[in-house]
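Engineer: Sequence first, then the predicted structure:
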Amino acid sequence: MSRRLANFLTFGVCAGLMGYALYSEHVLGLYPCPLCIFQRMAVIGLGLIALIAALHNPEGGGRYVYAGLGAVIGGLGMAVAGRHVWLQSLPADQVPSCGGASLEYLMETVGFLNALSEVLTASGECAEVTWRFLSLSMPMWVLIALAGLVTWFLVSNVRFDGSRRYSFAVLA
């Protein structure tokens, strides 16, 4: 498989994840909490980096730049998803208070970085589990998906050099 195709596949999976997120919001009525929105941003960011990498298809050091950007964006998404999973695992009496302000209000009044800090330190509304599949919550599935996508993206951009064909056995 070529690096370009692998990057298009990464983009496709990210697009599929976002498609399901929008379906669950607009059809199933599961409104995303602030941590869900930040996870969506990470999935969109990784997907865009993969799309640009696929279109550009750089040789040499450029592929490492894309791999690094994808790892950083995906890693941040995994950190937010991990925080979300942790909040959902807390007993009800240990969940931090919500603070009452919506994400939109925080973004308008204190800016992105301060809103992110506020959401990550006190997000009680994010502790509620409203959806499960195979007994795992949506943030757990996002964490698993991002871990797989980042691993695939790194292997695709670091190991595929275009001069040899790699099988999955060689990658293991």
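Structural biologist: Cool, the structure landed. Numbering: from 1, shown residues only.
Engineer: Helices of the protein, start to end?
Structural biologist: Using DSSP state H, the helices of the chain run over residues 3-26, 34-56, 62-89, 103-110, 112-121, 138-158, 168-171.
Engineer: Let's have the ones you listed in JSON lines, adding mean neighbour count and distance to Thr130.
Structural biologist: (C-beta placed from N, C-alpha, C; glycine too.) Below are the helices of the chain laid out as JSON lines (neighbours: other CB atoms under 10 Å; distance: least, CB to CB, whole Å):
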{"stretch": "helix 3-26", "mean neighbour count": "17", "distance to Thr130": "9"}
{"stretch": "helix 34-56", "mean neighbour count": "21", "distance to Thr130": "10"}
{"stretch": "helix 62-89", "mean neighbour count": "19", "distance to Thr130": "10"}
{"stretch": "helix 103-110", "mean neighbour count": "14", "distance to Thr130": "17"}
{"stretch": "helix 112-121", "mean neighbour count": "15", "distance to Thr130": "18"}
{"stretch": "helix 138-158", "mean neighbour count": "20", "distance to Thr130": "8"}
{"stretch": "helix 168-171", "mean neighbour count": "8", "distance to Thr130": "36"}
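Engineer: And these: which comes nearest Glu128?
Structural biologist: Closest to Glu128 of those is helix 62-89 (CB to CB; 7.7 Å).
Engineer: so where is this structure shaky, pLDDT-wise?
Structural biologist: Residue ranges of the chain with pLDDT under 70: 92-107, 110, 115-127, 129, 131-133, 160-172.
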